[in-house]
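> Show me how the following folds:
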Amino acid sequence: MSDFSKTLQESIAVLASLEELEPTLLRAADRCSKCLNGGGKLLICGNGGSAAEAMHLVGELVGRYKRERRPLAALSLGTDPALTSCVGNDYSYDEIFSRQLRALARPGDVLVVFSTSGRSPNVIAALTVAGEMGIGSVAFLGKDGGSALPLASEALVVRHSDTARIQEGHQVLMHSLMDLLEVAVA
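Predicted coordinates:
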């Protein structure tokens, strides 16, 4: 079997395992749709490739996914270089998301995080602040969920050790979330 065939087989197995996450995905979609229908916003973050996933989700929400509909309120945290470097320099890189969350989140909003390890200190700090503020959260995680797992209101954990397979799983889950949200938003 070629390396490519092995990669495909591994990816197929990971994607098939996501079916067990359907109840959590439905709860996450309900939480997000209630937020958006209630005038709230989604604040979304991640590091590296997970930052790209966060920006991708914001694009689907504010722009559109499949249906022509109203723009949905969503912000990607950590994507303003001046703000990120300011907070990183004046405080700590670990606070780049939590500080923005404190400034921007309001009751009824939802924090959405992406972390393939579930161990990123700045993601953990954001989830901690969300809990302190009474802000619900949805976490797209990998591996065993890491220390982010117990902090999230809803956790979608792609249980694999390879970052690429985890990110592929996150993409399917994110698009499935969008399928549900486009039906549920008023």
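> how close does Asn37 get to Gly118?
Per Cβ to Cβ, to the nearest Å, Asn37 is found 29 Å from Gly118. Every C-beta, even on glycine, is put in place using the N, C-alpha and C of the backbone.
> cool, and Arg31?
From Arg31 across to Gly118, the span is 19 Å (Cβ to Cβ).
> Give the residue from the two that has the larger number of neighbours.
Ranked by neighbour count (other Cβ atoms under 10 Å), Arg31 and Gly118 place Gly118 first, with 26 against 18.
> Shouldn't that one be within a strand?
No: per DSSP: H, G, I helix; E, B strand; the rest coil, Gly118 lies outside any strand segment and is coil.
> Hmm, it is touching Lys143, no?
Yes: the pair Gly118 / Lys143 is scored as a contact, 6.3 Å apart, by Cβ atoms under 8 Å.
> Mutual contacts of the two, please.
Val157 (Cβ atoms under 8 Å, 6 or more residues apart in numbering).
> Now do the SS call for the spatially most central residue of the chain.
Geometric centre of the chain, nearest residue: Val113, 3.4 Å, by Cα atoms, centre = their mean. Classification of Val113 using three-state DSSP returns strand.
> if I look at it, how far off is His160?
18 Å.
> in the chain, which ranges drop under the pLDDT threshold?
Of all residues in the chain, none has pLDDT under 70.
> ok, 80 please
Scanning the chain with the threshold set as pLDDT under 80 gives 186.
> which residues in it form helices?
3-17, 22-37, 49-62, 81-90, 96-104, 121-133, 163-184 (DSSP state H).
> for Leu75, what are its contacts?
Lys41, Leu42, Leu43, Ile44, Val58, Leu104.
> Buried only: go through the residues you listed for me.
Buried subset of the contacts of Leu75 (neighbour count, 16 or more other Cβ atoms under 10 Å): Lys41, Leu42, Leu43, Ile44, Val58.
> Columns distance to Leu156 on top of these, output as TSV?
Shown next, in TSV, are those (distance: Cβ to Cβ, whole Å):
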residue	distance to Leu156
Lys41	20
Leu42	15
Leu43	17
Ile44	14
Val58	17
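> Find the nearest non-adjacent residue to Leu104, please.
Excluding its sequence neighbours, the residue lying closest to Leu104 (Cβ to Cβ, 6 or more residues apart in numbering) is Leu43, at 6.2 Å.
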